[in-house]
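> Predicted structure and sequence below. I'll ask about it afterward.
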2 protein chains.
Amino acid sequence: MLVINKDSGIALYEQIYNQLKEQILSGQILVNTMLPSTRNLAATLQVSRNTVESAYQQLYSEGYVTSKAGSGYRVESIESNLLKEIDSVALEEYHDDEIFRSDFENKLNNPGFNFQYGKLRISDFPLRMYRKLINQILLSSDIEHISAYNDRKGELGLRIEIMKYLHESRGVRCNPEQIVICAGTLIGIGLLSQLLLQHTNSIAMEEPCYDSVRSAFMNHGFQIVPVSVEKDGINLDLLRNSSAKLAYVTPSHQFPTGAVLPINKRLGLIEWANTNDAYLIEDDYDGELRYNSRPIPSMQSLDTKGRVIYINTFSKSFAPGLRLSFLVLPMALMEEYQRGFSKYHSSAPWLEQKIMYRFMKDGHWSRHLRRICVLNKKRHDTLINTINEVMGDHVTIYGKNAGLHIVLEVNNGLTEKELIDSAEAAGVTVYPVSNYYVDPDNDTNNKVLIGFSSLSENEIVRGINLLKSAWF
Amino acid sequence: MLVINKDSGIALYEQIYNQLKEQILSGQILVNTMLPSTRNLAATLQVSRNTVESAYQQLYSEGYVTSKAGSGYRVESIESNLLKEIDSVALEEYHDDEIFRSDFENKLNNPGFNFQYGKLRISDFPLRMYRKLINQILLSSDIEHISAYNDRKGELGLRIEIMKYLHESRGVRCNPEQIVICAGTLIGIGLLSQLLLQHTNSIAMEEPCYDSVRSAFMNHGFQIVPVSVEKDGINLDLLRNSSAKLAYVTPSHQFPTGAVLPINKRLGLIEWANTNDAYLIEDDYDGELRYNSRPIPSMQSLDTKGRVIYINTFSKSFAPGLRLSFLVLPMALMEEYQRGFSKYHSSAPWLEQKIMYRFMKDGHWSRHLRRICVLNKKRHDTLINTINEVMGDHVTIYGKNAGLHIVLEVNNGLTEKELIDSAEAAGVTVYPVSNYYVDPDNDTNNKVLIGFSSLSENEIVRGINLLKSAWF
């Protein structure tokens, strides 16, 4: 028996549907029973035939009843213990409280001086121009692209601008078809993993190196071959003695040690790749940011045989929240990409790409780069000078004159953890280095990572002075 | 000998650097030569000592010279044939012409009636509200997040809104911590591939199915186990007889056939997963869009043992150009994600997420969904009515009453290719179905895919009439 409540606020057809479904599932209505005709049920319930028909249609769509033209609806046999269990699983109530926040968010809310790496200062971001360009694009007829799947390699206009910029500033030689725009470096690494797994399943990586990239390769099934980093970058002899056919390196500013790979080693690497039919992934993540000399040309610029895969990001030079990075594939890999990835869509949103395109095309990009180099050089110089001033010989600085971070070795007998904890107690957050090692035993365990891109010069001075009091 | 041209527009230090570098590489300056002191060279060239020092520093940074405190700069030995080759490789000139455009772009420029699947009508997009929200966010203090790496699962606020919406509209039970926002479905599939490769390296997929997803699984190293699709969805017996421990299905509206999986088969699938410790990936890509009944609850809503991974996208219901999709992970997989992916960053940009959050939070989302359901129902009804009217019994329509496409079987003796070619000649673009099969022999080779979301009702009527003339 069905009960209809016209004041309940629930649509009439839905009330009928819900009750019939429940009766079918509970066995109150037996299998193979014919449902009453729509005319009869409508008359009984004092509703329209359309209402009953809608309820029956819904039951039919979901497979609770079958139907044959002219013969009405017949109840299906639905046997499952699952359905009983479902009701007993209460929907877990959601409360917007602490436990749902990730560590990440809690960290961000930490007050005090945070020498976080990777966060930029919003005042460095060209917000007014960005807003102007967004509005121009939203009002243009181009906007129809937002409702479409677009070029899977990324917007052609942006790829052309990236090509010009890379050629001028990083010596990279490519045409726009070799460029694939991705939603962040790790998405690019994912794409490369898929491509390169056809060639090899192990990869030589600097020890230490950027742990996010390492975990992405591992999660894609690569075996990691750690190759230790010397004062001037990756140890070439160890690489040569490994059986790796693929290596990931950060030659402009090794992450995290800051080593710059000299020309001889760059050539050595390329010769290694040529001789072994290997690929080199050159991650040029902060190659634009050099403070006491001009940027060092990329390794890709030395590559004549198509062995170097160049990757870069707008996260350090523009804004990490945009999630924009790009790959430059050598021709041979480009062909494999065209074959194996022709069904993919771009991972980067159209609007973000279009804004970036206009920003570069209209000449704002080179001005922006000059500006952030000046701003970050000031922070860098303040950091280095203050450390030298207040900590003097008790510390060693690695990786200065470039990028957005340094590694600080502290020779006061404290371990990394003690350094970080005592800093934290003094209201200063500095970061571990040991997690960048596959084997933490390779670390001297007395170093911390210090990022300087999110603090003012004044904050840097105060933060370093607090560290001095905490550590010495 | 160095030549300085003060009117060349090239910085003086760069002129010195370039010439010295060339002379070192060509052997004109011998290995181990000491460079002249900065004082002497500055006097000779009539430039400042700082200028010379900058040039030397650059050579030093790049590894062409070494330096010891107080003893000046000494030329390094650089032996490589590579360097000679580099000069002989001319930079390929780039011309913005046809050959650099992908097939994709050429296709888009095709005039006439394009029954493209996946493209939406820009008039369906809530552009004014989007612009309003963007500007509010760009002017708010929240904007500092654009300069940071943010929550790797996506913005918490958006995840909460998605949870509420999924619960109300799709019956999905989850808390926001189970939701991971991704830059499009294929990025979500990539993440799942990485997670699930720990469990199995083969995946059962509907035959036919969405080819992009299939190629993503293949590129991640999965073996595909095709399981044929019947009138009411995937063939359960075949699945049970396979050794697969993982299956990808589209139960709400099978892609491309449009089959709706009835309740019995849904329960059967879940029992299969429970019995075999298998995971089911439920891709609910157009689950919101039903035209003659209300949306069918998701399979996830029937899952009590955490075997269903639910995935969905904003591409069909909002805008594909945004690249926003999301996964709902069962708790067990969530824990694996927390362990293996803790170093990842979100692939979805902060701004797009924030706008979507505000759009949902402020109640525009449910209004938008109602609106696009009405608009697409009109297009759908026009399409179905026109086909029935002008083609009658000569065709069979599959997958109506839902989503943004149908499959049309044409019984006039023409093959798929002939159907598409003759349509094209009449100025109408329709799409193949055979490419969705692993084995095209499983296809009847007389069907085409017709998307209706990007055309007006008027265009649909005219397009179908042109098809009728072309085909009959």
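On my side now, so go ahead. Numbers count the residues shown, from 1 in each chain, chains lettered A, B, ... in the order given.

> Quick one: name the residues of the stretch 301-450 of chain A near chain B.
When proximity is defined as C-beta under 8 Å from any C-beta of the partner chain, the stretch 301-450 of chain A approaches chain B at A:301-302, A:304, A:315, A:319-324, A:340-352, A:401. C-beta coordinates here come from the backbone N, C-alpha and C atoms, glycine included.

> and the residue of the stretch 51-200 of chain A nearest chain B?
Closest contact between the stretch 51-200 of chain A and chain B, by C-beta to the nearest C-beta, is at residue A:63 (2.2 Å).

> Please list only the buried members of the residues of the stretch 301-450 of chain A next to chain B.
If you count burial by 16 or more other C-beta atoms under 10 Å in any protein chain shown, the buried members of those come out as A:301-302, A:304, A:315, A:319-324, A:341, A:343-352, A:401.

> among those residues, which are in helices?
Within those, residues falling in helices by DSSP state H are A:350, A:351, A:352.

> so which helix or strand takes in residue A:414?
Following DSSP states H and E, one finds residue A:414 outside all helices and strands.

> Now do the contacts for it.
Neighbour list for residue A:414: A:422, A:446, A:471 [criterion: C-beta atoms under 8 Å, 6 or more residues apart in numbering or on different chains].

> looking at this, the first one is in a helix?
Yes: Residue A:422 sits within a helix when classified using DSSP: H, G, I helix; E, B strand; the rest coil.

> Verify the contact between it and residue A:471 for me.
Yes: judged on C-beta atoms under 8 Å, residue A:422 makes contact with residue A:471 at a distance of 6.4 Å.

> Check what pLDDT the residue lying closest to residue A:462 once chain neighbours are set aside gets.
Nearest non-adjacent residue to residue A:462, counting by C-beta to C-beta, 6 or more residues apart in numbering or on different chains: residue A:113, 6.6 Å away. pLDDT recorded at residue A:113 is 94.

> before we move on, what about residue A:40?
Here the pLDDT value assigned to residue A:40 is 87.

> And the helix or strand harbouring it, what does it pack against?
Residue A:40 belongs to helix A:38-45 when assigned by DSSP H and E. Packing contacts for helix A:38-45, counted by 3 or more C-beta pairs under 8 Å, 6 or more residues apart in numbering or on different chains; DSSP states H and E, involve helix A:49-61.

> Name the residues that touch the helix it packs on?
So helix A:49-61 is contacted by A:12-14, A:16-17, A:20-21, A:24, A:35, A:38-39, A:41-42, A:45, A:65-67, A:73, B:260, B:290, B:292-294, B:296 (C-beta under 8 Å, 6+ apart).

> contacting residues around the helix or strand following it?
Sequence-wise, the next helix or strand downstream of helix A:49-61 (DSSP H and E) is strand A:65-68. The contact list for strand A:65-68 (C-beta under 8 Å, 6+ apart) reads A:24, A:35, A:56, A:59, A:60, A:73, A:74, A:75, A:76.

> State the number of residues packed around the last one.
This means residue A:76. Using other C-beta atoms under 10 Å in any protein chain shown, residue A:76 has 19 other residues around it.

> And for the third one?
Residues lying near residue A:56 (other C-beta under 10 Å) number 25.

> Quick check: residue A:239 touching residue A:204?
Yes: Residue A:239 is within contact range of residue A:204, at 5.6 Å (criterion: C-beta under 8 Å).

> Return every residue with contacts to both of those two.
With C-beta under 8 Å, 6+ apart as the test, residue A:239 and residue A:204 both reach A:227, A:247.

> State the distance from residue A:58 to residue A:2.
15 Å (C-beta to C-beta, to the nearest Å).

> which residues of the stretch 251-400 of chain A fall in strands?
Under the criterion DSSP state E, counting those that start in this stretch, the stretch 251-400 of chain A carries strands at the ranges A:279-283, A:308-313, A:325-328, A:395-398.

> Can you name the residues that contact residue A:2?
Residues counted as contacts of residue A:2 (C-beta under 8 Å, 6+ apart) are A:15, A:16, A:19, A:20, A:41, A:44, A:45.

> List buried residues within those residues.
Buried, going by 16+ other C-beta under 10 Å: A:15, A:16, A:19, A:20, A:41, A:45, out of these.

> Name the secondary structure element that contains the second one.
Translated: residue A:16. Assigned by DSSP H and E, residue A:16 falls in helix A:12-26.

> Buried by neighbour count: which residues of that helix qualify?
For helix A:12-26, burial by neighbour count (16+ other C-beta under 10 Å) applies to A:12, A:13, A:15, A:16, A:17, A:19, A:20, A:21, A:23, A:24, A:25.
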